[in-house]
Every structure is written in structure tokens, then in C-alpha cells.
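> Just need the structure, nothing else, for what follows:
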Amino acid sequence: MPEKNPPYFFRSERAGRGWFVSGDSGPGLLLSGREYAAFSGGGRLPAPLRGRLAEAGLLRERLDMEGQLALLRARFLGGWSGPAVHIVSLTARCNCACRYCSASSPGAGRGRDMSAATARAVTDFIFASGAPRLLIEFQGGEPLLNFPALKALVERAGRLAAKGGREVRFSVVTNLSLMDAEKFSFLKANRVTVCTSLDGPADLHDANRVLKGGAHAAAARWLPRLARASARDPRFEAPNAICTVTRRSLGRGREIVDEFLRLGLKRVQLGPLDPLGLAAGGSLGCSPEEFAAFYLEALDYMLELSARGRQVHEKAAKAFAERVLTGRGPRYHNLDLAMRLAYNWDGSVYGSDEARMLANSGDEFFRLGSVRGDSFAELLGRPLARALLLSCFQGLAAPACARCPYEPYCRVSPVYNYAAQGSFWGDKMTNERCRLFKAVYGGLLSRMGKPAKRRELLRWAELDA
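Sure, this is the predicted structure:
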């Protein structure tokens with residue numbers, strides 16, 4: 001009799017002419033129609049396919065129980081010791097008037113700088129949260145407007161890390177207009193990674209980000225210098241930039257990628273507009289389908305350049321390819337409270353930077369507490385904190401996610417749900433961010449089904465970047 005191969009729990013969805021399947025652990029798999037029919041029916045399978053399915057934990061009779069246990073422990077935060085990413089807003093002031101500002105900071109931040117005492121309290125709170133490896137990211141407003149607080153926090157965190165045998169890294173998100181030789185020297189000496197916005201060529205960037213002297217000019221002046229400094233000293237991480245995709249971006253994907261490369265950036269990050277701050281209810285955004293079409297057009301161009309030997313990759317595509325094609329890569333990177341916390345200039349604590357930005361619009365729904373008077377353990381015991389932790393596992397909390405094969409790879413945050421749909425949990429059946437993710441992931445899977453593009457995506461997945 002033919003050997004039976006009953007499937008273990010799996011989720012599936014059509015992907016082009018085939019099917020994409022994923023389970024609770026391991027990589028997802030792209031199967032042809034014939035392979036999917038044999039697998040889902042528990043029928044006879046060719047040895048290579050049987051091996052792939054077994055490795056992904058999708059065959060009932062061939063489960064590696066110890067391996068499954070380790071993967072599930074990691075998935076459900078076994079051994080969790082606290083959030084590793086801590087986002088610190090040093091000031092509500094900003095010298096740039098972005099049309100889509102999520103932080104609602106232009107002209108509204110006078111007198112709202114983080115004080116030296118609050119900076120100390122935030123640093124101590126971060127080191128009391130337990131994670132052995134920490135990333136502290138400085139934001140604003142424009143964080144370089146309060147450079148003394150940045151310096152003080154970096155120096156104190158460095159001392160605490162050395163004393164406690166912990167690892168700490170730093171990054172700063174800045175428009176670069178206030179960068180000078182002194183700040184550059186400090187950031188380089190302390191290995192503070194620099195991230196900025198780059199929405200494309202000057203006309204596009206400056207239409208979105210209004211700044212005296214030109215926002216694009218500031219980015220173009222400093223990004224190449226930062227890239228050269230990183231090339232000379234690999235301990236100083238190369239700069240990063242984020243393109244916020246608006247309606248103005250549509251049809252200009254190739255130009256935007258070329259601008260990243262022209263300024264010395266090898267990693268491109270294309271992100272949708274969040275419905276927060278000035279962007280809430282505005283006309284700058286585009287539909288999920290428009291974003292996906294733009295993203296995939298730009299992606300195809302990057303894959304084409306990559307195949308010709310140009311060093312370039314897109315951040316989200318790399319992460320998805322790493323998970324699907326290799327089974328490696330971080331499952332969790334920006335989960336509210338579980339993996340990140342955010343701190344406002346006054347010491348208020350939130351589960352994410354989006355929640356902190358919502359508070360700057362006057363809505364404190366997601367405020368967890370304050371570094372002044374609250375301990376990390378006390379925050380964890382509060383109802384909002386428990387809801388945020390549950391939201392990290394969408395398959396347990398949202399029925400639509402429980403059967404979605406992309407559930408291991410995406411997350412629609414409670415802040416987005418609240419801002420866009422008026423609900424902490426949201427309605428995934430009508431959720432536009434959910435539609436956006438599905439369209440992008442479907443496009444990525446389609447390209448994984450084409451040998452030449454699959455090779456490039458696999459090469460991206462193996463990059464140490």
C-alpha cells in the first residue's frame with residue numbers, strides 16, 4: 001500500500017498557481033498545486049517533498065518533538081527577560097514640518113524637552129527591565145535639538161552596561177539638519193547608528209518634509225559621509241533610511257531606489273503611512289493595493305540590480321525571505337511591551353512608539369505608566385499590559401489570524417487598529433493593514449516561485465545586514 005503522510009496542523013492560502021503553507025514553527029513552504037493536493041490529502045509524497053514538509057514540522061508522523069518544543073518555546077517567549085528595544089523621545093520640538101508627521105510635533109513642542117533627571121530615570125528604568133542585550137533608540141521631535149540629554153543617556157547607559165555585564169547599542173532617528181562635526185564625532189565614537197528619512201529625490205522628499213534650507217539637502221550632505229565612516233570602521237554601523245510611501249511616491253519606485261544608492265545606502269526600507277498625527281484622515285496615503293503595486297515594482301527593480309551585482313536589498317523582503325526560505329530570522333522584533341517600550345520626553349511609558357505618538361495627539365489610551373514612581377514589574381501587572389502581551393500572539397486572539405498562513409510573519413498593532421478602526425483588536429476582515437501585508441507577501445511568494453528571483457531573495461536572506 002502507498003505510504004500515508006497525514007499532515008500536522010497547517011494554514012494555507014493560494015499563491016499564484018500554487019499554495020503557501022505554514023505551521024506553528026519552522027519555515028513556510030510554497031507548494032505546487034499537485035504537491036499541495038498530495039500533502040493536504042495525506043497521500044504518498046516524493047522523498048524530497050516529504051523531507052521539506054517534515055523539516056517544517058508539517059507531517060504528523062515525522063515530528064521532531066524536541067525541535068518543535070524548542071521552536072514553540074521561542075515563539076511563545078520562553079525564557080523572556082524583558083523588552084530589548086527602548087525608544088526614547090528626547091524632545092517634542094522639531095524644526096521640520098512634515099506633511100505626514102506622526103508625532104504631531106511641528107510648532108507644538110516648546111518647553112517639552114527631556115530633563116537630565118528624567119533621562120537618568122529613563123536609563124535606570126531600562127536597565128531594570130532585565131534583557132541582557134539592549135538597543136536604545138533616540139527619537140523626537142528632532143532628537144538633536146536636545147543633544148545634551150542624548151549624550152548623558154549614552155554615557156550613563158554605557159557605565160551601567162559595563163557594570164552589569166550587559167550589551168547596549170544605540171541609534172538615533174534624525175532629519176540630519178542639525179548634524180555638525182562635534183555631534184558626528186560623538187555618535188561615531190559611541191557607535192550610535194544613524195537613521196533618517198529619505199522619501200526620494202529632492203523634489204519628492206522636500207514636498208513631504210518642509211525644512212528651511214531643504215530637508216533633502218541635509219540628508220544628502222551627511223548620508224555619504226556616514227557611509228564612508230562606516231566603511232572605514234565596521235564597528236560604526238552604516239546609516240539607514242526609511243522611505244514613507246505616500247500618494248506622491250506612486251510611479252517613482254525606481255527613482256527612489258536610485259536615490260538611496262546614490263547617497264551610499266545599500267538597504268532600502270519602504271514603509272506605508274501610519275494614520276497617526278497629521279496623517280490621520282488625510283489625503284496623502286494610498287490604498288493597500290496601490291502600496292503593494294508600488295512596493296513590488298520597486299522590489300523587482302532591486303532584484304534586477306542585485307542580479308547584476310549591485311549591492312542593494314529591501315529590509316522587509318529580506319526578513320520575509322529569511323523566515324520562509326531558511327527558517328531563520330527573528331520571529332519577534334517589534335512586539336508591543338514584549339520586545340519594545342517607548343518613553344516620552346516627560347518619562348511616560350508606552351508599549352510602542354506609535355502609542356507614544358498617539359499620546360502626542362492628545363489620546364493617552366495606551367499610556368502604561370511613568371518611569372517616575374512605577375517599576376517595570378508594576379507595569380506588567382496592569383490590564384493594559386496584559387492585553388498588549390496577548391496581542392503579541394494574534395493566532396490566539398484573532399480568529400482571522402488563527403487560520404492565516406502569514407500569521408507567523410506579520411503583526412497588525414493594537415495602536416493601528418485603534419487609530420484606524422476604533423478598536424484595540426480591530427476587525428481583520430476589513431483591516432487595511434492586513435490587506436496590505438497579504439498583498440505584499442503574496443507578491444513576494446510569487447517571486448520566490450521564479451528561479452532567478454528566488455536566488456536573489458535567498459542571497460538577501462543570507463546577508464549579515
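
> gap between residue 192 and residue 129?
Residue 192 sits 21 Å away from residue 129 when distances are taken as CB to CB, to the nearest Å. For glycine as for every other residue, the C-beta is placed from the backbone atoms N, C-alpha and C.

> which of the two has more neighbours?
Shown here are residue 192 and residue 129; by other CB atoms under 10 Å, residue 192 has more neighbours (21 against 18).

> And for the closest residue to that one other than its chain neighbours, the neighbour number?
Counting by CB to CB, 6 or more residues apart in numbering, residue 170 is the residue found nearest to residue 192 once chain neighbours are left out, at 4.3 Å. By other CB under 10 Å, the residues close to residue 170 number 21.

> Look up phi and psi at residue 170.
Phi and psi for residue 170, reported as degrees, to the nearest 10, are phi -130, psi 150.

> neighbours around the residue nearest to residue 251 when sequence neighbours are not counted, how many?
Once flanking residues are discounted, residue 251 sits nearest to residue 294: 7.7 Å by CB to CB, 6+ apart. By other CB under 10 Å, 21 other residues sit near residue 294.

> What separation do you get for residue 294 and residue 316?
Taking CB to CB, one finds residue 294 at 13 Å from residue 316.

> what sits in contact with each of the two?
residue 270 (CB atoms under 8 Å, 6 or more residues apart in numbering).

> Quick check: end-to-end length of stretch 165-179?
32 Å (CA to CA, to the nearest Å).

> starting at the chain centroid, how far to it?
Distance of stretch 165-179 from the chain centroid (CA atoms, centre = their mean, to the nearest Å) equals 17 Å.

> For it, buried residues please.
168, 169, 170, 171, 172, 173, 174, 175, 176, 177, 179 (16 or more other CB atoms under 10 Å).

> swap in stretch 59-73?
Neighbour-count burial for stretch 59-73 flags 59, 68, 71 (criterion: 16+ other CB under 10 Å).

> One more: stretch 9-20?
Quick answer for stretch 9-20 (16+ other CB under 10 Å): 10, 11, 12, 13, 15, 16, 18, 19, 20.

> Which strand residues bridge the last one?
Using DSSP bridges, the bridge partners assigned to residue 20 are residue 13, residue 30.

> Show the contacting residues for residue 252.
Applying CB under 8 Å, 6+ apart, we find residue 252 in contact with 200, 201, 204.

> which residues does the residue nearest to residue 251 contact?
245, 249, 250, 251, 253, 270, 286 are the contacts of residue 294 under CB under 8 Å, 6+ apart.

> Any figure for the gap between it and residue 457?
Taking CB to CB, one finds residue 294 at 19 Å from residue 457.

> how distant is stretch 235-250 from the center of its chain?
The answer for stretch 235-250 is 12 Å, by CA atoms, centre = their mean.

> still on that earlier bit, buried residues of the host helix or strand of the residue nearest to residue 251, list them for me.
According to DSSP states H and E, residue 294 maps onto helix 288-307. Buried residues in helix 288-307, defined by neighbour count with 16+ other CB under 10 Å: 288, 290-299, 301-303, 305-306.

> Ok, stretch 455-465 next?
456, 457, 460, 461.

> Quick one: which of these has the lowest pLDDT value?
Across the buried residues of stretch 455-465, the bottom pLDDT score, 94, is held by residue 461.

> can you pull the contacts of it?
Counting by CB under 8 Å, 6+ apart, residue 461 touches 318, 321, 322, 325, 326, 328, 329.

> Check residue 248 too.
Shown in contact with residue 248 (CB under 8 Å, 6+ apart): 199, 204, 207, 208, 284.

> Among those, give me the pair with the biggest separation.
Spatially, the most separated pair among these is 204 and 284, at 12.1 Å (CB to CB).

> These two: who's more crowded?
Neighbour count, other CB under 10 Å: between residue 204 and residue 284, residue 204 has more, with 20 against 17.

> Show me what secondary structure element comes after the one helix or strand that one maps to.
Using DSSP H and E, residue 204 sits in helix 202-208. Downstream of helix 202-208, the first helix or strand assigned by DSSP H and E is strand 209-210.

> can you list contacts of that following strand?
Contacts for strand 209-210 (CB under 8 Å, 6+ apart): 96, 97, 98, 99, 175, 197, 199, 215, 216.

> Any chance of CSV for these, columns pLDDT and secondary structure?
Formatted as CSV, these follow (pLDDT from 0 to 100; DSSP: H, G, I helix; E, B strand; the rest coil):
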residue, pLDDT, secondary structure
96, 93, coil
97, 90, strand
98, 90, strand
99, 88, coil
175, 97, coil
197, 97, strand
199, 97, coil
215, 96, helix
216, 97, helix
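
> Now distance to residue 52 too, for these, in a markdown table please.
As requested, the contacts of strand 209-210 are exported to a markdown table (distance: CB to CB, whole Å):
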| residue | distance to residue 52 |
| --- | --- |
| 96 | 49 |
| 97 | 52 |
| 98 | 46 |
| 99 | 47 |
| 175 | 46 |
| 197 | 41 |
| 199 | 41 |
| 215 | 48 |
| 216 | 47 |
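
> Would you mind listing which of these are buried?
For the contacts of strand 209-210, buried by 16+ other CB under 10 Å: 96, 98, 99, 175, 197, 199, 215, 216.

> Point out the other helices and strands that the helix or strand just after the helix holding residue 294 packs with.
Counting by DSSP H and E, the element after helix 288-307 in chain order, helix or strand, is strand 313-314. If you count contacts as 3 or more CB pairs under 8 Å, 6 or more residues apart in numbering; DSSP states H and E, strand 313-314 packs onto strand 267-268, helix 288-307.

> can you give me how far strand 313-314 is from the chain middle?
On CA atoms, centre = their mean, the centre of strand 313-314 falls 14 Å from that of its chain.

> Identify the residues contacting it?
266, 267, 268, 269, 270, 298, 299, 302, 306, 460, 463, 465.

> Check stretch 97-104 too.
With CB under 8 Å, 6+ apart, stretch 97-104 has contacts from 89, 92, 94, 106-107, 139-141, 197, 207-211, 244, 246, 273-274, 276-279, 282, 284, 354, 357, 360-361.

> so of these, which ones are in strands?
The members of those that map onto strands under DSSP state E are 89, 139, 197, 209, 210, 244.
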